[in-house]
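Visitor: Here is my input, please return the structure:
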Amino acid sequence: MNSLKTILVIIDPTVLRDHVIDKAKLLAHSAKANVELFINCQATGKESSYFTFDVENSGSEVIKSGPGELQQLLISELRAEFSGLEIPVNIDLCQREDLPQSILDRVNEIQPDIVLKSTHRHSLLRQTLITNTDWHLIRLCPVPLLLTKPHGWYNSGCVVAAVDLLPNKSEQVTLDDDLIMAAEYLAELVDQQPSAFHAYYYPEFGGENSGKTSSQSRDLRIDHNRRMYELLSRHNIDLEFVKIANGDTKTEMIHYLEKTRGNILVIGASAKGKLERMVVGSTAEKVLDDVPCDLLILKPKGD
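Guide: Here you go, the predicted model:
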């Protein structure tokens, strides 16, 4: 991902103000991109939202005129926000029960360069059954997907690419390059520092075999460093912002993101690889829920 011409933004109709809007404006203004806002009004269900406003208990004459008028008022406000920044914007309203599929159909229709959607912590049940819209999009969205958390970006932080460095796998090598390029591009757009992260795990044991184990660990560390620097030789990331950790991937990743004030974590997801299992696997704790920043998911080309 090295350019943004069309940004598809999924607006949550169950909140009065979706925080993804501000991040979409920043990216679109910097990239000079068009914005497509997508609102599935049917997805509100029985939750309170600005599309199912409590008209009877409101003192506003505008709101008392009906939810249809309120929709139009808020849509006009959204349009004005983007137009005020000279960002071309189109707003599409939808009335379908299947929210994930309605989003995927819109993606296939307009072919955006990226999809933005807000996310929040999910229940264990929804994680395990993989019924949440976010999980469906992670697995099936054919274009880069940026899931945003309900807080802003640090003024001085990082966009971190989490690379896998699997040897002798041309698909993964290409994906790692794509992750780095996406991190570099987004970092430039939002005036941040691009960074690269990689973690592997090799335990150190004591006892009579500790010498052999230490030697193997050293050789493994050297190999991972070599592959990381081969990857970085094709890019422009300052070595000060490169981290290779021996330990649990998620734990080390969260620690590094907190230390570097990570704003966006760029990660790969493939139906055929371990990265998707890490993100949408069957464990109770998920990277999406636990990382302290936004998550950009890229798929391998042809996946």
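
Visitor: Only the buried residues of the lengthiest helix in the chain, if you could.
Guide: Ordering each helix of the chain by length in residues (DSSP state H) puts helix 210-232 first. Using 16 or more other C-beta atoms under 10 Å as the test for burial, helix 210-232 gives His224, Arg227, Met228, Leu231, Leu232. Heads up, the C-betas are built off the backbone N, CA and C, glycines and all.

Visitor: just stretch 144-157 next, same as before
Guide: Going by 16+ other C-beta under 10 Å, stretch 144-157 has these buried residues: Pro144, Leu145, Leu146, Leu147, Thr148, Lys149, Trp153, Gly157.

Visitor: Ok, stretch 29-40 next?
Guide: Neighbour-count burial for stretch 29-40 [16+ other C-beta under 10 Å]: Ala31, Ala33, Asn34, Val35, Glu36, Leu37, Phe38, Ile39, Asn40.

Visitor: Give me the lowest-pLDDT entry from those residues.
Guide: Lowest pLDDT within the buried residues of stretch 29-40 is found at Asn40 (85).

Visitor: Tell me the spatial nearest neighbour of that one, not counting adjacent residues.
Guide: Cys94 (4.4 Å; C-beta to C-beta, 6 or more residues apart in numbering).

Visitor: Could you spell out the sheet neighbours of the helix or strand that contains Lys243, each with its direction?
Guide: Assigned by DSSP states H and E, Lys243 belongs to strand 242-246. Strand 242-246 pairs in its sheet with strand 193-200 (parallel), by DSSP bridges.

Visitor: Run the chain-centre distance for the partner strand.
Guide: The chain centroid and the centroid of strand 193-200 are separated by 16 Å under C-alpha atoms, centre = their mean, to the nearest Å.

Visitor: Give me the contacts around that strand.
Guide: 156-165, 180, 183-184, 187-188, 220, 224, 228, 231-232, 236-238, 241-249, 252-253, 256, 260, 262 (C-beta atoms under 8 Å, 6 or more residues apart in numbering).
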